[in-house]
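need coordinates for the following:
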Amino acid sequence: MANNVQAVIAALEVFSGAPEKAAIEQANTWLQDFQHSSEAWSTCNVLLLSPDAPLHAKIFAAQTFRTKVTYDLGDMSTADLLQLRETLIKALETYHTGPRNILLQLCLAISGLALQLPAWDDPVQDMIDAFGRNPAMVPALLLFLTVLPEEVTTNTKIPLTDDEYKERASKLLTANANKVTDLLAMYLQAPGASFAVQTQIFNCLGSWLAAGEIVAMSLLNSPLITYSFQALSSDELFDAAVSVVCDLIHETQEVEDNMPVIEVIVPQVIALKPKLVEYKDDPEKIRGLARIFAEAGEAYRSLLLHHPETFFPIVEAIGQCSAYPDLDIVPITFSFWMRLAQSIGKKPSVSPLFLDAYRALMGVIIRHLHFPADTASLTGQEAENFRSFRHVMGDTLKDCCYVLGTDKCLLATYEMITVALNRGPNVSWQEIEAPLFAMRSMGAEVDPNDDQAVPKIMDLIPRLPAHPRVRYAALLIISRYTEWINKHPDYIPYQLQYISAGFEDSDQEVNAAAGQALKYLCQDCKRHLVEFLPQLHSFLANMGNKLVQDDKVQVYQAIAYVISAMPMEQAAQSLRTFSLDILEHVHALTVKTTSPTKEEFVQITHDLENLEVMLGVIQSFGEHLPTACQNTHQEAWAVFEPFIAKYGSEYPICERTTRVLRLGLTFFGSATLPILPSVLSRMASSFEATGFSSYLWMAGKVVGRFGNEEDPALRTAFKDVYERASNKLVTMLQEKPPQMIPDVLEDYLQMLLQMIDNAPDVFFPSPAFPIAFRVAMAALTLVHSDIVFAALDLLRTIFTHDCLTPATQPPPPKFPIYAAAIKPVVEREGQELTSLLLAGLVGDFPEESIPMVVTIFRVMGGLWPTQLHAWLPPVVQQLPSVTVPDQVKSSFLADVNSAIQSGDFDKVKYAVRTLHRASRKARERRRAGPLDG
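Numbers count the residues shown, from 1 in each chain. Down below sits the predicted model:
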């Protein structure tokens with residue numbers, strides 16, 4: 001015992017000494033193992049009751065009690081559990097004055113024990129009897145009563161059946177709700193009750209309310225409601241009172257069932273409204289009041305609408321909170337305004353009071369949207385937070401549109417701008433930008449056929465000041481209103497002029513907004529913009545070099561949208577025109593006799609990105625290519641092939657080129673078949689030369705799209721790329737561990753998945769198949785969900801292939817060839833595969849991949865029972881006992897052996913699932929850590 005006590009203290013000392021990471025990990029592991037042990041009960045009791053034990057050791061002891069109560073009561077007898085109860089209660093008596101973290105862990109442990117110990121008939125009454133009569137002990141009792149409903153309703157790790165839980169929770173909570181209510185009222189009215197005890201009372205009441213055990217109607221004749229509102233006048237009790245009042249209101253949202261208590265609550269809520277003026281210089285008080293008013297507004301929405309004469313002061317109070325200058329407080333009200341707007345929208349008519357409230361709200365929000373006069377006063381993070389919050393406020397403006405009508409809101413915002421503009425040069429840009437931002441937010445609600453408000457806004461845009469923030473906001477309005485512009489194409493020439501001027505602005509954010517506006521204009525108005533395509537081509541020729549790449553991408557996207565709206569032959573010719581501009585750049589770099597500069601490499605990757613963007617928008621012209629495109633794929637490959645051969649060792653070139661090729665595959669479809677052997681050969685050569693995974697990715701796309709084609713040259717090319725890639729990967733894995741090349745493994749596995757699905761005649765008989773199998777096994781060692789999933793998917797597909805259990809006799813002619821390839825590989829690699837599968841099953845495999853592991857073991861049990869019987873024992877013994885206890889290992893082996901002997905191989909599945917569940921439970925426990933409360 002003494003040795004254990006000293007060992008725990010020594011292990012805990014490691015954390016305070018801040019030594020090397022290895023020492024901390026070793027101490028952490030030791031403490032976790034200790035918490036699993038049966039000796040931990042008595043050792044922690046000694047630590048808790050020893051006056052000489054250091055504080056951190058006592059805290060650890062209390063945490064260990066809580067942990068073991070959660071996980072380790074299953075093997076204890078009722079007598080031992082009752083003794084444990086006495087131990088914990090005695091410890092609580094010892095620490096009734098604190099420290100609080102020890103007190104809290106002990107209360108949680110007692111709560112968990114009460115839930116799992118039916119022999120403890122009435123824990124709540126017993127705790128009241130033990131602690132409730134001594135004023136010094138009352139704080140400990142109140143803490144227990146506070147955490148009890150939280151622990152019972154939220155600690156899902158406690159192992160109880162649903163029926164056991166329901167029965168015990170009812171006994172602990174529901175049966176004691178009235179008793180606890182009376183107890184709290186008694187303590188609250190007791191003479192001399194300290195602020196600390198009163199705060200605990202409110203917290204306890206809130207806990208039982210939140211758990212749904214104390215119902216609001218039961219408080220109708222209790223002093224607790226009145227005391228809760230009175231406590232809002234106390235600085236010391238304010239926060240606790242706010243929380244309990246909000247909980248109380250929340251529990252009365254079923255208004256028909258709670259009208260008597262609502263009639264008590266609402267006058268007291270309304271009586272708080274003058275406090276908003278009284279506390280206007282105290283943001284924390286305003287925050288608390290805002291929470292109460294917003295909770296009341298949401299809970300009593302139907303009453304607000306049906307009885308505004310009584311309830312409208314709550315809306316007015318929420319409006320005052322929305323207008324408060326502290327933007328951390330304002331969003332507390334937003335949910336109310338949204339829900340109220342939804343309720344108003346369902347009513348045929350609504351009181352003018354609510355329309356006035358939303359008009360006022362719109363003005364308030366637009367005022368909040370103003371940037372400060374000195375924007376330099378905002379730090380980088382503050383500026384980012386404010387920008388983000390503006391979008392949140394924009395959603396509230398949409399609520400205003402929903403209630404008042406979008407046209408009315410837009411016209412009101414338009415008036416704000418015209419009034420500001422009429423003031424002349426003295427107007428600040430903020431006074432114009434904020435309403436513009438509001439218009440942008442409201443744009444989502446605009447009717448494309450509107451002929452009242454939006455025309456005025458569109459006519460206003462060219463008259464706006466040239467300030468970059470104003471121009472930025474105006475350009476984004478164009479972006480948002482493009483569906484309207486599509487119905488009113490007369491505005492397009494003016495919008496294009498404004499957008500073009502935005503590209504010439506010196507402010508990069510304005511350039512970006514211009515790019516976005518052009519993209520959406522071309523996307524939504526593409527049929528009207530066909531005639532402007534030559535103008536866009538000229539714009540690119542003249543302005544292209546001046547644009548940053550992000551903006552240029554948006555221009556190419558815009559052009560692609562316009563091309564997609566053209567008649568097919570015209571579209572094909574236009575796409576060819578823009579594409580040839582880019583391909584000429586690629587060719588020019590290829591034939592360059594001197595080494596390209598870094599800037600030239602960057603520029604060509606930008607060109608390729610622009611081509612990628614265009615192809616991504618247009619996708620395809622269908623199976624029958626227009627005349628202008630019929631030979632383009634051969635022309636393009638004639639440019640790309642030497643380009644990749646020369647510069648494919650540059651990673652950015654590899655990435656961009658393969659992405660363009662992938663889209664070209666989609667665009668040209670089966671027309672590419674004659675060039676695909678050359679493409680695959682180049683992918684194989686480039687992967688051999690560089691090890692870049694994108695070449696495998698591209699090869700996999702070709703196999704996935706055309707794997708069913710019977711062309712002999714193409715199938716030879718499949719075999720060639722498969723074997724060359726596999727041999728290259730063997731070399732790479734000799735030089736680097738799998739963890740260093742996850743991207744290569746992933747793209748290789750994805751290529752193999754396409755092979756096995758579309759070209760099994762290539763995949764199985766090849767000498768590369770054993771390599772592929774080994775690579776899939778190596779991938780199982782990575783902590784990378786997508787890669788592990790792909791590896792397991794491949795292995796499962798191999799193990800479940802019909803060639804191993806053909807449904808017909810004689811089997812298809814190629815099946816014996818496939819089976820003859822699979823069986824020796826499995827028999828040779830089976831033990832290591834079994835080890836990797838079990839290690840991942842009890843370790844880091846993603847949860848959604850577990851069914852694949854189960855399937856693989858099920859097939860191994862059915863097709864290789866003798867081998868599996870031999871492979872498992874040494875593998876299982878190597879599994880870490882911390883995640884797979886010895887008892888679980890023994891049960892697993894016994895279950896698998898039983899399944900094999902009986903020939904009931906479905907039982908193998910159940911055994912694997914049971915092992916997984918047991919290890920997951922052990923991992924979850926250890927994941928919490930020995931020092932977590």
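
how about the helices in the stretch 501-650 of the chain?
508-524, 526-529, 533-543, 549-564, 568-590, 598-618, 632-647 (DSSP state H, counting those that start in this stretch).

weakest of the ones you listed in terms of mean pLDDT?
Lowest mean pLDDT within those: helix 533-543, a mean of 85.

could you chop this protein up by domain?
1-173, 830-932 (the TED database).

which residues in the stretch 651-800 of the chain form helices?
Going by DSSP H, counting those that start in this stretch, the stretch 651-800 of the chain shows helices at 651-668, 676-690, 693-706, 712-735, 742-758, 760-763, 769-779, 785-799.

the fifth one packs against which elements?
If contacts are counted by 3 or more C-beta pairs under 8 Å, 6 or more residues apart in numbering; DSSP states H and E, helix 742-758 sits against helix 693-706, helix 712-735, helix 760-763, helix 769-779, helix 785-799. For the C-beta atoms, the positions are set from N, CA and C on the backbone; glycine is no exception.

got it, and the shortest one?
In this structure, helix 760-763 makes packing contacts with helix 712-735, helix 742-758, judged by 3+ C-beta pairs under 8 Å, 6+ apart.

quick one: closest of those helices to residue 411.
Smallest distance to residue 411 across the helices and strands packed on helix 760-763 (C-beta to C-beta): 54.9 Å, for helix 742-758.

just the mean pLDDT for the closest one, thanks.
Mean predicted confidence for helix 742-758 is 97.

using CSV, list the CA coordinates for that helix.
Taking C-alpha atoms only, helix 742-758 is exported to CSV below (Å, rounded to 0.1, in the frame of the first residue of the first chain):
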residue,chain,number,x,y,z
PRO,A,742,1.2,9.2,-48.1
ASP,A,743,0.1,11.0,-51.3
VAL,A,744,1.8,8.5,-53.4
LEU,A,745,0.3,5.6,-51.6
GLU,A,746,-3.2,7.1,-51.8
ASP,A,747,-3.1,7.7,-55.5
TYR,A,748,-1.5,4.3,-56.2
LEU,A,749,-4.3,2.6,-54.2
GLN,A,750,-6.9,4.6,-56.0
MET,A,751,-5.5,3.5,-59.3
LEU,A,752,-5.5,-0.1,-58.1
LEU,A,753,-9.2,0.2,-57.1
GLN,A,754,-10.0,1.3,-60.6
MET,A,755,-7.9,-1.6,-62.0
ILE,A,756,-9.6,-4.3,-59.9
ASP,A,757,-13.0,-3.0,-60.8
ASN,A,758,-12.5,-2.3,-64.5
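
quick one: buried residues of that helix?
742, 744-756, 758 (16 or more other C-beta atoms under 10 Å).

got it, and stretch 129-138?
Buried, per 16+ other C-beta under 10 Å, within stretch 129-138: 130, 131, 132, 137, 138.

swap in stretch 332-344?
For stretch 332-344, a neighbour-count test (16+ other C-beta under 10 Å) marks 332, 333, 334, 336, 337, 338, 340, 341, 343, 344 as buried.

residue 364 versus the second one, what's the distance?
Using C-beta to C-beta, to the nearest Å, we find residue 333 at a distance of 10 Å from residue 364.

for stretch 727-747, how far is the first residue from the last?
15 Å (C-alpha to C-alpha, to the nearest Å).

what's that stretch in contact with?
687-688, 691, 693-694, 696-697, 700, 748, 768, 771, 775, 778-779, 781-782, 784, 786-787, 790-791 (C-beta atoms under 8 Å, 6 or more residues apart in numbering).

work out which residue lies at the spatial centre of the protein.
With distances taken as C-alpha atoms, centre = their mean, residue 785 lies nearest the centre of the chain, 15.5 Å away.

gap between residue 526 and residue 334?
In terms of C-beta to C-beta, residue 526 sits 37 Å off from residue 334.

where does pLDDT dip in the stretch 301-450 of the chain?
Applying pLDDT under 70 to the predicted model, the stretch 301-450 of the chain contains no residue that meets it.

residue 366: which element?
Per DSSP states H and E: residue 366 is located in helix 352-369.

please state the offset of that helix from the chain centre?
Taking C-alpha atoms, centre = their mean, to the nearest Å, one finds helix 352-369 lying 34 Å from the centre of the chain it belongs to.

against which helices or strands is the helix or strand immediately after that helix in the chain packed?
With elements assigned by DSSP H and E, the helix or strand that comes after helix 352-369 is helix 380-404. Helices and strands touching helix 380-404, by 3+ C-beta pairs under 8 Å, 6+ apart, are helix 334-345, helix 352-369, helix 406-422, helix 429-442.

what angle separates the first one from helix 380-404?
Relative orientation of helix 334-345 versus helix 380-404 (axes from the mean of the first three to the mean of the last three C-alpha atoms, to 10 degrees): 20 degrees.

any low-confidence regions in this protein?
In the chain, residues with pLDDT under 70: 1-3, 13-14, 17-19, 925-933.

determine the longest helix present in it.
helix 815-841 (DSSP state H).

list the buried residues in that helix.
So, applying 16+ other C-beta under 10 Å, buried residues of helix 815-841: 815, 818-819, 821-822, 825-826, 829-831, 833-841.

ok, stretch 776-791 next?
776-782, 784, 787-791.

TSV for those residues, including distance to residue 715?
TSV is the format used below for those (distance: C-beta to C-beta, whole Å):
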residue	distance to residue 715
776	23
777	27
778	27
779	26
780	30
781	33
782	31
784	32
787	28
788	30
789	28
790	24
791	25
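
still on that earlier bit, out of the helices and strands packed on helix 742-758, nearest to residue 155?
Short answer: helix 785-799, nearest of these by C-beta to C-beta, at 28.3 Å.

picking that back up, what degree of burial does the nearest residue to the residue nearest to the centre of the chain once chain neighbours are set aside show, as a neighbour count?
Distance criterion C-beta to C-beta, 6 or more residues apart in numbering; nearest residue to residue 785, sequence neighbours excluded, is residue 846 at 4.2 Å. Neighbours of residue 846 under the rule other C-beta atoms under 10 Å: 14.

isn't residue 846 up against residue 787?
No. Contact criterion C-beta atoms under 8 Å: residue 846 and residue 787 do not qualify, at 10.2 Å.

which phi and psi does residue 374 have?
phi -110, psi 90 (degrees, to the nearest 10).

the residue nearest to residue 708 when sequence neighbours are not counted and residue 674, how far apart?
The spatial neighbour of residue 708 that comes closest, neighbours along the chain excluded (C-beta to C-beta, 6+ apart), is residue 758 at 5.6 Å. Separation of residue 758 from residue 674 (C-beta to C-beta) stands at 19 Å.

same question for residue 377.
65 Å.

between these two, which is the more surrounded one?
Taking other C-beta under 10 Å, residue 377 and residue 674 do not tie; residue 674 has more neighbours (14 against 9).
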